[in-house]
Structure formats: structure tokens, C-alpha cells
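J.: mind looking at a prediction? Sequence and model below.
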Amino acid sequence: MSLNIGTADCAARVALGIALLVLAILKVWQPVLLGVVGVVLISTAAVRICPLYMLFGLNTCSVKSGK
């Protein structure tokens, strides 16, 4: 699989994921939903592969990787 998440996108996903996890811990609104979305964002940033990006043919990564 080729990488499809760029550096800026990765940083935004981590920041938003952490924010959602904090909101889930504080039980602001739907803690389970916020927690799941936060974990998904952080995990896709960690592996730099987004299945939805592949589905829609998007790519924010400037580095070309092998398959």
C-alpha cells in the first residue's frame, strides 16, 4: 500500500484526535463516539494510510512510496 497522508494532514489528524480523546474523557458529548473517532484519526496518522482517501482517490502525501 502506498502512503496517502501528508505531513500537514498527519499533524492535523493527531491534533484533532487528541482533542477528541480529551473531550471523550471529559464526557462532553457522546464519549464513545468521540473516543472511537479520536483513535481512528490518530491511528491513520500513525500509519499514514487512510482507507477513505484510497476509496475517493485522494492523496496529500508528496512522498512516493513503493507498493
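T.: That came through, no problem.
J.: and the gap between the closest residue to G35 other than its chain neighbours and T7?
T.: Nearest residue to G35 in three dimensions, chain neighbours excluded: A24, at 3.8 Å (C-beta to C-beta, 6 or more residues apart in numbering). Glycine gets a C-beta too; all of them are placed from N, C-alpha and C. Remark: distance between A24 and T7 (C-beta to C-beta, to the nearest Å) = 26 Å.
J.: repeat for C61
T.: Note on C61: its distance to T7, by C-beta to C-beta, is 8 Å.
J.: now swap in L16 and tell me
T.: Taking C-beta to C-beta, one finds L16 at 15 Å from T7.
J.: look at the two and report which has more neighbours.
T.: With neighbours defined as other C-beta atoms under 10 Å, L16 and T7 compare such that L16 has more, 15 against 12.
J.: just for this protein, where's the confidence low?
T.: Filtered on pLDDT under 70, the chain yields the residue ranges 64-67.
J.: can you tell me the element the residue nearest the centre of it falls in?
T.: Note on the chain: the residue nearest the mean C-alpha position is L41, at 2.7 Å, using C-alpha atoms, centre = their mean. Under the criterion of DSSP states H and E, L41 resides in helix 31-47.
J.: which residues does the residue nearest to the centre of the chain contact?
T.: By C-beta atoms under 8 Å, 6 or more residues apart in numbering, the residues touching L41 are R13, V14, L16, G17, L20.
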